[in-house]
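> Structure of the sequence below:
(2 chains)
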Protein chains: 2
Amino acid sequence: MNASETSGLVNFELIHQDARTGARRGRLHTRWGAVETPAFMPVGSAGSVKALGPDDLQKCGAQIILANTYHLMLRPGSGVIRELGGLHRFMGWPGPILTDSGGFQIFSLAAKRTISDDGAQFRSHLDGSLHELTPERAIEIQEELGADIIMALDECAPALSERGQIEAAMGRTSRWLQRCAKAWTRRSSLFGIAQGGPYRDLRKRHIEDVCAIDLPGYALGGFSVGEDAGTMHEGVAYAAPLMPRDKPRYLMGVGTPLDLSICIGAGMDLFDCVLPTRCARNGLLFTSAGRLVIKNAAYAKDERPPDPSCTCDTCQRFSRAYLRHLFVSREILAMRLNTIHNLSFFLGHMANARQAIEKDGYAEFAALCRSTMANDLP
Amino acid sequence: MNASETSGLVNFELIHQDARTGARRGRLHTRWGAVETPAFMPVGSAGSVKALGPDDLQKCGAQIILANTYHLMLRPGSGVIRELGGLHRFMGWPGPILTDSGGFQIFSLAAKRTISDDGAQFRSHLDGSLHELTPERAIEIQEELGADIIMALDECAPALSERGQIEAAMGRTSRWLQRCAKAWTRRSSLFGIAQGGPYRDLRKRHIEDVCAIDLPGYALGGFSVGEDAGTMHEGVAYAAPLMPRDKPRYLMGVGTPLDLSICIGAGMDLFDCVLPTRCARNGLLFTSAGRLVIKNAAYAKDERPPDPSCTCDTCQRFSRAYLRHLFVSREILAMRLNTIHNLSFFLGHMANARQAIEKDGYAEFAALCRSTMANDLP
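Presented below is the predicted three-dimensional model:
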């Protein structure tokens, strides 16, 4: 048992740095097992990665999942989950969990929000009930959930905000981070979030601000929030090397398989995105030959699996014809089988990236991704 | 390999007859494996037992499943499934399959149907397209699907029909059975269906009519179609012993756990019903302590599994509190976990019945069921 296991804090081991890119091969030690990085975290918003059970997630190769504080604080409530032994036990997930702070959903989902330096007041999108989220409460809720990694409450300005607006959000995020760090009991591992939008000087300044506080890890926020992919890639390529080398670097809300390969090359270690799971439920499958819209009539008699080179449970057992039939018939099983495939594809992509880094071949891997993977979204 | 395996026909082995009731312990040999009877068949209407994969079904203890000709003929079409290697391969189910004839859904689901001695013309409930189902076509479709057991096209009069109406349906069913038997290529095992409603003399006459044709098995239709449970139990108790002893006896569309225990005692071997799967999707769980409406607020912090004495995957891994949370949050996973539990309960109930028969203790088993199981439905 190492120090991180006794303290409850995660501990990042940097195993190998790719010879010619910024890509890093690491291992994040947690109470619930190790996470091989770079790693992609499936999103389990309300305590369930939609359509999958924990058994499916493990078969897909998930090592760590993300849950949303906003959703869980509203229903069933973090106190209920604490009483029931924490989120791992509640949802039957025997691996590490990262929770976001709830801030992002307050900005995107909640009704009638008022934000001040004190915190956010908002009404639930479910029933209109009034809630408050301060930096202190965000930490308390996440500690009640028992997450392994918890995120500081931040303010994320929209991509196309004016520079002044982004600077204001940075300032508030820094003040909130101070309060988060003070409220933090160290039962979970607190990560700080650096903002700054597309402005290099702001990014640099805020990364310095945030990383001045000694925390188990740091994240980049405010990417993939509406800017074009090229701007995001450039921004991450600039920002990642400014982050501490010995701590895990988490890029929030990213992205497509191509985005992932590019941002891994910049030196990021952790990622999350609803893309594989949400697209699966809409019948869009990611494959090694590109994207496949399963409802297309062309697949009505197609005996091939979605991706003949894929080893996931769905591709091993079912044809495009059957998946199309399930999807057009609105069978519940369609959601599970499609999600199993897409998550397996994303997680397999990460495993390939890790292997490429180990062999100092990440540049070639990323180049191959650039030439074979589309980045447009439906 | 025995005779049934070479011919493709199912072969019923009567293993033991309970000493004091009509209950029979049998084994139905099929190309896709043996079915221990009495057996309950989960319903996979459109080529999927709703919310479950074949892996789940096997874990629940399913030995044989039922699929609906009506649904599959409309979408994706029996020709498509034949081209894709048959229904077993299409849906990835490695066990026996029974298909109904499509008749029941034509009467209950289809729009603008016209029935004549020739057959049924109807419009699809999906898109209004015009279809025809004759006895010959019903056999052809089921053979195209590649089912192990196929059902003759029958006319099932509503429970409260006048005697004359039931007699007319019987006559048509008999004429259609002659044509089904003639069209049948013996690639699958054809079962005939005896009607007769609640009238003993009609039941007796029709069972004699239907069983005069040598077929691999026989079914009772026209039960559980609106009559009260007591009437159904009495009717089955009267009819079952009139059926051939050396052939499997299938009671269509039945029933609750109590119905099953009573009708097994009458001497029936095979059953199917949407009850466990449909109730699961509506949040009603069957347990050894009675029925449980999972959305009830009482379960919000209940750490116990749905049924503490159940060994299903759901009860082994999840609490009532989590299942309630998933259900009220409309998470897709709720459907799967609830269905796994209910099917495991039904299939476990059948396994208990089989064990009781083997020990000549079926009377006690049935008495226990009568005293502990409610038969009312929500």
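> number of nearby residues for A:Cys310?
Applying other CB atoms under 10 Å in any protein chain shown, we find 19 residues neighbouring A:Cys310. Yep, even glycine has a C-beta here, placed from its N, CA and C like the rest.
> Next to chain B, which bits of the stretch 51-200 of chain A? Give me the list.
The stretch 51-200 of chain A comes close to chain B at residues A:51-55, A:75-76, A:80, A:83-85, A:90-92, as judged by CB under 8 Å from any CB of the partner chain.
> tell me which element the residue of the stretch 51-200 of chain A found nearest chain B falls in.
For the stretch 51-200 of chain A, the residue closest to chain B is A:Ala51, as judged by CB to the nearest CB, at 4.2 Å. Using DSSP states H and E, A:Ala51 falls within no helix or strand.
> Of the residues of the stretch 51-200 of chain A next to chain B - the most surrounded one?
Neighbour max across these (other CB under 10 Å) = A:Met91, 28 neighbours.
> List the buried residues in stretch A:208-216.
By neighbour count with 16 or more other CB atoms under 10 Å in any protein chain shown, stretch A:208-216 contains the buried residues A:Asp209, A:Val210, A:Cys211, A:Leu215, A:Pro216.
> Contacts only, for the residue nearest the centre of chain A.
Residue closest to the average C-alpha location in chain A (CA atoms, centre = their mean): A:Asp272, at 1.6 Å. Taking CB atoms under 8 Å, 6 or more residues apart in numbering or on different chains, we find A:Asp272 in contact with A:Phe40, A:Met41, A:Pro42, A:Val43, A:Leu66, A:Leu98, A:Met252, A:Gly253, A:Val254.
> Kindly report the same for A:Gly86.
Per CB under 8 Å, 6+ apart, neighbours of A:Gly86: A:Leu145, A:Gly146.
> ok, now A:Ala240?
Counted by CB under 8 Å, 6+ apart, A:Ala240 has contacts A:Gly22, A:Leu220, A:Arg249, A:Leu251, A:Cys263, A:Ala266, A:Gly267, A:Met268.
> Let me have those in CSV, adding distance to chain B as columns.
Output for the contacts of A:Ala240, formatted as CSV (distance: CB to the nearest CB, whole Å):
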residue, distance to chain B
A:Gly22, 38
A:Leu220, 30
A:Arg249, 31
A:Leu251, 27
A:Cys263, 30
A:Ala266, 35
A:Gly267, 35
A:Met268, 30
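> And those, which two are furthest apart?
Distance extremes for these: the farthest pair is A:Gly22 and A:Leu220 at 13.4 Å, using CB to CB.
> Between the two, which has more neighbouring residues?
A:Leu220 (30 against 18).
> Could you check the pLDDT of the residue nearest to that one when sequence neighbours are not counted?
Nearest residue to A:Leu220 in three dimensions, chain neighbours excluded: A:Leu251, at 5.2 Å (CB to CB, 6 or more residues apart in numbering or on different chains). Note for A:Leu251: predicted pLDDT of 98.
> Not counting sequence-adjacent ones, nearest residue to the residue in the stretch 201-350 of chain A that chain B sits nearest to?
Nearest to chain B in the stretch 201-350 of chain A, going by CB to the nearest CB, is A:Ile332, at a distance of 4.2 Å. Once flanking residues are discounted, A:Ile332 sits nearest to B:Ala51: 4.2 Å by CB to CB, 6+ apart.
> Can you list the residue ranges for helices in the stretch 51-200 of chain A?
In the stretch 51-200 of chain A, helices defined by DSSP state H, counting those that start in this stretch lie at A:54-60, A:69-74, A:78-83, A:87-91, A:103-108, A:135-145, A:163-183, A:200-211, listed in chain order.
> just checking, what packs against the fifth one?
Judged by 3 or more CB pairs under 8 Å, 6 or more residues apart in numbering or on different chains; DSSP states H and E, the packing partners of helix A:103-108 are helix A:69-74, strand A:111-115, strand A:120-123.
> Please work out which of those is packed deepest.
helix A:69-74 (a mean of 25; mean count of other CB atoms under 10 Å in any protein chain shown).
> Other residues contacting that one?
A:45-47, A:78, A:81, A:87, A:99-102, A:104-106, A:109-110, A:124, A:126, A:129, A:131, A:133, A:138, A:141-142, A:145.
> just the CA coordinates of that helix, formatted as PDB?
Taking Å, rounded to 0.1, in the frame of the first residue of the first chain, the C-alpha atoms of helix A:69-74 are listed here in PDB:
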ATOM      1  CA  THR A  69     -22.900  16.300  -9.300                       C
ATOM      2  CA  TYR A  70     -25.700  18.500 -10.700                       C
ATOM      3  CA  HIS A  71     -27.900  15.500 -11.600                       C
ATOM      4  CA  LEU A  72     -27.100  13.500  -8.500                       C
ATOM      5  CA  MET A  73     -27.600  16.500  -6.100                       C
ATOM      6  CA  LEU A  74     -31.100  17.000  -7.500                       C
END
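> So what does A:Leu215 look like in phi/psi?
Main-chain torsions, A:Leu215, degrees, to the nearest 10: phi -130, psi 160.
> Correct me if wrong: it contacts A:Leu190.
Yes. If you go by CB atoms under 8 Å, A:Leu215 and A:Leu190 touch, sitting 5.4 Å apart.
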